[in-house]
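Asker: A structural model of the following input is requested.
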Amino acid sequence: MRDWGGDGRPLLLLHGLAGHVGEWDALAHRLRADGHRVVALDQRGHGASERRPADVSRTAYVDDVLAVLDALGLRAPVLVGQSYGGHAALLTAARHPARLSGAVLVEAGPGGIGPQALADVGDWLRAWPVPFPSREAAVAHLGGGPVGEGWADGLEERDGGLRPRFDPEVMTASLAENAGRSWWEEWAAIRVPVLAVVGQHGFLAREEYDGMARRLPALRGACLPGAGHDLHLERPEVLHRLVAGFLAETPCPGADSRS
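Answerer: Predicted coordinates:
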């Protein structure tokens, strides 16, 4: 977990699959400068959290969000999640609306991914040529530019080179529920304000976003031209403007209740 401090409105940031808290640094510093309380969580199986958790269900990830809110006393926070972390934010908003005041989903939605996509994710993670001999090699392999830099920041020096702080098998197990079903019923149950941010070249299909907007008419949405799935790394300044605008328009209750 990373805590940037602050005593203003609380925000909990949730990274995507195979990610880490450091991906949020650029956005977190901006939000902290706005006066917000900003915290990011290394989700189970990732980063500094337990590497091989026994439970990798979607419910377990939601329970982790609630545990952090309780441990830190974060009342009525806004969850900001990218990809798999956005899905955790979605489910938390659907199942525990009284605990939140809003959610920002970055390249995340309720649609299932299908078994082939699950297999492709596993193949990609297992194909990383680890250990990387240098940071430069890692950045190049992981996409170059700010995306490659962000992914490389999640590596650790171990056993003669740079290696990921996750196990590919844990990642695919964590994603398995999303390959077996969609989550439209949960999406329709959301009652807190939601901002959905997508990249022009991201993974969220236009059909899925249109379905989200039909089922949740109050949905706020934005598409970043030229951006991809990791738009929080590519365009943190633009994402900050969108999140800041959403926060300004979204009520902030003084206290939460338990549900």
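Asker: what about the helices in the stretch 151-259 of the chain?
Answerer: Taking DSSP state H, counting those that start in this stretch as the criterion, the stretch 151-259 of the chain carries its helices at 168-180, 184-188, 206-215, 231-234, 236-249.
Asker: Look up how far D167 lies from the residue lying farthest from the centre of the chain.
Answerer: Among the C-alpha atoms of the chain, the one most distant from their mean position (C-alpha atoms, centre = their mean) is that of G160, at 30.3 Å. Noted for G160: a distance of 18 Å to D167, by C-beta to C-beta, to the nearest Å. For every residue, glycine as well, the C-beta is placed using N, CA and C.
Asker: Around A213, how many other residues sit close by?
Answerer: In terms of burial, A213 registers 14 neighbours under the definition other C-beta atoms under 10 Å.
Asker: Check the gap between the spatially closest residue to it that is not a sequence neighbour and L72 for me.
Answerer: Spatial nearest neighbour of A213, chain neighbours left out: L219 (5.2 Å); criterion: C-beta to C-beta, 6 or more residues apart in numbering. Spatial separation of L219 from L72 under the definition C-beta to C-beta is 28 Å.
Asker: and if you look at R158?
Answerer: Look at R158 and L72: by C-beta to C-beta, they are 30 Å apart.
Asker: So for the two, which residue has more residues nearby?
Answerer: Neighbours were counted for R158 and for L72 using other C-beta under 10 Å; L72 has more, 15 against 12.
Asker: so that one touches V39, yeah?
Answerer: Yes - assessed by C-beta atoms under 8 Å, L72 is found in contact with V39 at 6.4 Å.
Asker: Which neighbours do the two have in common?
Answerer: Both L72 and V39 are contacted by 3, 10, under the criterion C-beta atoms under 8 Å, 6 or more residues apart in numbering.
Asker: so which strand or helix has W4?
Answerer: Per DSSP states H and E, W4 falls inside strand 2-5.
Asker: excluding its backbone neighbours, what's nearest the residue farthest from the centre of the chain?
Answerer: P131 (5.7 Å).
Asker: What's the local residue count around A179?
Answerer: Around A179 there are 16 other residues, counting by other C-beta under 10 Å.
Asker: how about it, what does it touch?
Answerer: Under the criterion of C-beta under 8 Å, 6+ apart, the contact list for A179 reads 112-115, 117-118.
Asker: need the strands for the stretch 1-150 of the chain, in chain order.
Answerer: 2-5, 10-14, 37-41, 78-82, 102-106 (DSSP state E, counting those that start in this stretch).
Asker: closest to G148 out of these?
Answerer: Ranking the strands of the stretch 1-150 of the chain by proximity to G148 (C-beta to C-beta) places strand 78-82 first, at 16.2 Å.
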